[in-house]
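Chemist: Next input, structure requested:
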Amino acid sequence: MSEEGLRRRLALGVLVGGSMGLAVPALAQSARTAPTVPRTKPVVPPRPKLIALDPGHGGADPGTTGASGMHEKTVVYTVAAELERQLTAGRRYRVTLTRRGDLFVPLRERVSRARAVKADLFISLHADAHPDPGVRGATVYTLSESASDREAAALAAKENKADLVAGVDLRRQPDDVANVLIEMTQRGTINQSRSFAGIMVEALRDYGVATLPRSHRHAGFAVLTAPDVPAILLELGYLSNRADERLLLNKAHQQKLARAISAAADRYFGTRPAQPGPGPAAKKA
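Modeler: Numbers count the residues shown, from 1 in each chain. Predicted coordinates:
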């Protein structure tokens with residue numbers, strides 16, 4: 001074979017070998033050293049907080065009856081429905097109601113329903129009466145210390161230990177451990193409830209809703225006794241007071257109340273910057 005033919009055979013072998021990955025060490029090395037692009041996991045937005053709304057009374061239990069004949073159960077359910085609409089707008093929150101429609105639900109069952117769905121906050125809505133018809137304004141209640149102690153003791157009793165508190169099955173714990181867990185959880189929940197109550201009072205005032213002196217009070221309401229769900233009971237006003245009754249039956253005022261409660265939830269959860277109220281002028285209304 002001539003020298004020219006040999007050179008042509010060698011050149012052809014290099015081309016074929018290169019196309020098969022046999023004679024291209026430089027290309028193979030570059031492929032091995034090429035930087036890999038890391039895979040980024042998609043960012044999953046946090047699940048919206050779940051708020052349990054508890055329209056007081058219902059069914060055979062009408063609650064207070066105002067001078068116009070309107071029942072408390074009807075007023076608070078109307079406000080709850082408007083509040084649900086505002087809270088779920090833009091999918092900011094998930095909302096559950098302890099009753100849908102004019103139904104009677106026992107007090108302890110209302111608490112159980114909120115705990116069953118692992119609510120992040122419980123708001124019970126009422127509109128009470130007072131012996132003095134001159135008394136008016138909203139009030140926020142949280143569980144009292146003495147009521148808290150009684151509830152913790154009851155829950156720690158063996159017959160009531162078939163329960164989960166803070167995700168811990170109390171049946172699997174010795175009595176002394178269960179008691180400590182319940183007490184710690186209850187105290188933490190009360191502190192969170194009081195924090196939200198303070199925010200709630202401020203929001204009511206910001207939105208021009210009249211409040212009683214000592215607007216944040218403590219009581220042993222049964223609906224506030226969940227050991228692991230921060231809870232308040234909000235008296236929207238007094239149906240026994242004619243001025244309050246007129247406002248509570250007014251759609252614009254019902255919407256204002258819902259805006260104030262929504263704003264309080266936003267501040268409590270840090271969902272979005274606090275929205276300003278209607279200003280000092282409205283507070284005279």
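Chemist: any weak-confidence spans in this structure?
Modeler: In the prediction, the chain carries residues with pLDDT under 70 at positions 1-38, 147-184, 271-285.
Chemist: go with 80
Modeler: Residue ranges of the chain with pLDDT under 80: 1-45, 145-186, 271-285.
Chemist: And the helices in the protein?
Modeler: Assignment of helices within the chain using DSSP state H yields the ranges 3-19, 25-33, 72-88, 107-116, 145-156, 175-206, 242-248, 251-269.
Chemist: residues in contact with stretch 243-257?
Modeler: By C-beta atoms under 8 Å, 6 or more residues apart in numbering, the surrounding residues in contact with stretch 243-257 are 66-68, 70, 75, 78-79, 82-83, 127, 136-137, 207-210, 236-239, 278. Backbone N, C-alpha and C define where each C-beta goes, glycine included.
Chemist: could you redo the last one with a cut-off of 6 Å?
Modeler: Stretch 243-257 is contacted by residues 66, 67, 75, 79, 82, 127, 136, 207, 236, 237, 238, 239 when judged by C-beta atoms under 6 Å, 6 or more residues apart in numbering.
Chemist: in stretch 54-61, what counts as buried?
Modeler: Neighbour-count burial for stretch 54-61, counted by 16 or more other C-beta atoms under 10 Å, picks out 54, 55, 56, 57, 58.
Chemist: what does stretch 203-218 give?
Modeler: 203-212, 215-216, 218.
Chemist: now the end-to-end length of that stretch.
Modeler: 19 Å (C-alpha to C-alpha, to the nearest Å).
Chemist: and what of stretch 208-227?
Modeler: The separation between the terminal residues of stretch 208-227, taken as C-alpha to C-alpha, is 32 Å.
Chemist: Repeat that for stretch 83-99.
Modeler: Between the opening and closing residues of stretch 83-99 we find a distance of 14 Å, counting by C-alpha to C-alpha.
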